[in-house]
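S.K.: Provide a 3D model corresponding to the input given below.
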Amino acid sequence: MSSAGKHVKEVRKRRGLTQHGLAEASGVSLSIIRKLEQGERETARLETLRKLAVALRVPTMRLSDGPRPEGPREGTGERWEAVRAALEQPPLRLESDDDLPTVEGVRTSLAVEALPLYAAHRFSALAEVLAPMLRDAEALGDSGRRVRVRLLQLAGGAMVHTRQFGAAETALRRALDDAGDRMEGAATVNTMCWLLLRKGELDTAYDLAVKWADDIEPRVSRATPTELSAWGSMLLRVSAAAIRNSQTGQADDALRLARSAAVLLGREHAPESEILRAFGPTTVKLKAAENASVADRPDAVLRLAESISPRSLKAATSSNRNRYLLDVAHAHARTRQYSEAFGKLEQIREDSPEWLPNQRYARDILAKILKGRRTLTADMRTMADVVGLPL
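M.R.: The predicted structure is shown next:
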């Protein structure tokens with residue numbers, strides 16, 4: 001028996017449930033529960049474990065045998081090889097007659113080349129320009145600390161997007177080591193928490209986010225927009241980790257505090273220390289929809305969607321906007337509105353064609369759509385190839 005199956009069986013027996021009873025209470029098929037407990041399956045999807053955990057009234061990680069994150073797509077490693085080398089190898093030794101980089105030159109390259117590519121999720125193009133920027137920033141020494149931190153944050157975020165988790169951790173730990181103040185540190189830790197969430201390390205993500213949220217909590221009466229944004233963003237990480245770990249009360253509390261910070265801001269705000277994300281009322285709504293989706297409440301997701309206008313959605317970052325559209329697509333699929341669900345996937349594909357294939361969530365949604373259809377359109381078959389849905 002796998003450790004996951006062992007945990008499920010132990011807790012189920014303690015709760016006085018049969019396998020049939022657990023299947024009815026959780027919505028997980030009896031077949032999956034039997035295979036887990038009999039050792040025919042080593043583990044289950046995090047979504048499945050969460051449903052079992054809710055029914056058994058324990059944290060999700062109580063049932064887990066350890067996270068098993070999905071690795072990068074085929075070809076990603078080769079495409080990003082130079083960037084990983086720039087992160088992991090010692091800096092080049094420049095001679096006096098070399099064309100030496102300048103802080104202003106690297107800062108301009110970051111703003112004009114790298115950031116727009118990251119925001120548009122053009123990961124292939126970003127991989128080509130990022131390695132030399134990292135090398136140049138390293139060669140600047142102490143004078144390039146601030147711009148180097150920004151580049152390392154961006155590299156870490158790109159590596160998380162493309163599921164290169166080891167390289168992401170390297171970049172983010174280097175950025176944290178170089179951070180000059182709490183706000184720079186918080187921006188980096190926020191991405192670290194996202195990395196941990198994608199790896200399925202829910203307890204670690206929760207503890208780290210709580211620690212930093214407590215450390216940077218401002219005095220509200222005189223908090224700056226940057227402080228409110230950093231604190232609110234960290235609270236959203238607390239909430240995301242808690243809801244995935246079946247800790248609904250903690251998730252709701254953190255989301256409520258984040259909403260208070262957003263109300264004080266009054267708009268979406270992206271401070272200088274935070275180049276990868278913004279925070280404000282719209283972002284909190286999108287994350288509330290994400291929590292509702294994780295909790296398998298499609299009705300709540302669709303109600304929230306009615307309160308989010310296309311105009312306000314444009315103010316959110318592309319990553320948050322795309323994730324929200326996936327949550328809406330999932331809610332439509334769960335309520336058998338398959339055309340509406342597929343329309344959201346097509347919208348994401350049109351806006352972010354390199355982002356969508358990196359989302360296992362998109363594959364799960366498309367699988368639900370295809371299961372509910374008697375015949376598939378040509379566009380649906382194409383989408384299945386785009387997101388890598390197994391045959």
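
S.K.: Next, count neighbours for L356.
M.R.: L356: 24 surrounding residues under other CB atoms under 10 Å. Every residue, glycine included, has its C-beta placed from N, CA and C.

S.K.: and the gap between it and L130?
M.R.: 21 Å (CB to CB, to the nearest Å).

S.K.: secondary structure element for the residue most central in space within the chain?
M.R.: With distances taken as CA atoms, centre = their mean, the residue of the chain nearest its centroid is W194 (4.9 Å). Under the criterion of DSSP states H and E, W194 resides in helix 182-199.

S.K.: and for that helix, what are the contacting residues?
M.R.: 67, 69, 146, 149, 152-153, 156-157, 160, 163, 165, 168-169, 172, 175-176, 179, 202, 204-205, 208-209, 212, 215-216, 226-227, 230, 233-234, 237, 240-241, 244, 271, 273-277 (CB atoms under 8 Å, 6 or more residues apart in numbering).

S.K.: In PyMOL, how would I select just the buried ones from these?
M.R.: Entered in PyMOL, the line below selects the buried ones among these, by 16 or more other CB atoms under 10 Å:
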select buried, resi 67+146+149+152+153+156+157+160+163+165+168+169+172+175+176+179+202+204+205+208+209+212+216+226+227+230+233+234+237+240+241+244+271+273+274+275+276+277
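
S.K.: got the domain boundaries for the protein?
M.R.: 3-62, 76-178, 194-279, 283-391 (automatic domain parsing).

S.K.: among those, which is the most enclosed?
M.R.: Ranked by mean neighbour count under mean count of other CB atoms under 10 Å, the domains of the chain are led by domain 194-279, which reaches a mean of 20.

S.K.: can you tell me the distance between the two ends of that one?
M.R.: By CA to CA, to the nearest Å, the extent of domain 194-279 from end to end equals 15 Å.

S.K.: how far does that domain sit from the chain's center?
M.R.: Here the centre of domain 194-279 is set off from its chain's centre by 13 Å, with CA atoms, centre = their mean, to the nearest Å.

S.K.: how close does R198 get to F165?
M.R.: 7 Å.

S.K.: Overlap in contacts, these two.
M.R.: In contact with both R198 and F165: P69, using CB under 8 Å, 6+ apart.

S.K.: Contacts only, for D351.
M.R.: Going by CB under 8 Å, 6+ apart, D351 touches S318, N322.

S.K.: And it, how far from S307?
M.R.: 21 Å.

S.K.: what do you get for E184?
M.R.: 34 Å.

S.K.: Could you do R34 as well?
M.R.: The spacing between R34 and S307, counted by CB to CB, is 42 Å.

S.K.: same check, this time on Y206
M.R.: 28 Å.

S.K.: just I243 next, same as before
M.R.: 20 Å.

S.K.: Same question for E37.
M.R.: On the measure of CB to CB, E37 and S307 end up 42 Å apart.

S.K.: outside of the helix or strand where L257 lies, which residues touch it?
M.R.: According to DSSP H and E, L257 maps onto helix 248-265. Contacting residues not belonging to helix 248-265 are listed as 206, 213, 220, 223, 225, 228-229, 231-233, 235-236, 238-240, 242-243, 279-281, 283-284, 287-288, 291, 295 [CB under 8 Å, 6+ apart].

S.K.: can you rerun that using 6 Å?
M.R.: 225, 228, 231-232, 235-236, 238-239, 242-243, 280-281, 284, 291 (CB atoms under 6 Å, 6 or more residues apart in numbering).

S.K.: following that helix, which helix or strand comes up?
M.R.: With secondary structure assigned by DSSP H and E, helix 248-265 is succeeded by helix 281-294.

S.K.: packing partners for that next one?
M.R.: Applying 3 or more CB pairs under 6 Å, 6 or more residues apart in numbering; DSSP states H and E, we find helix 281-294 packed against helix 225-244, helix 248-265, helix 298-306, helix 318-334.

S.K.: CA atoms only for it, dumped as CSV, please.
M.R.: Below are the C-alpha coordinates for helix 281-294, written out as CSV (Å, rounded to 0.1, in the frame of the first residue of the first chain):
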residue,chain,number,x,y,z
PRO,A,281,-9.6,45.2,-5.5
THR,A,282,-9.8,43.3,-8.8
THR,A,283,-6.9,41.0,-7.9
VAL,A,284,-8.7,40.1,-4.7
LYS,A,285,-11.9,39.3,-6.6
LEU,A,286,-9.9,37.0,-9.0
LYS,A,287,-8.3,35.2,-6.1
ALA,A,288,-11.7,34.8,-4.4
ALA,A,289,-12.9,33.1,-7.6
GLU,A,290,-9.8,30.9,-7.5
ASN,A,291,-10.5,29.9,-3.9
ALA,A,292,-14.1,29.1,-4.8
SER,A,293,-12.9,26.9,-7.7
VAL,A,294,-10.4,25.1,-5.5
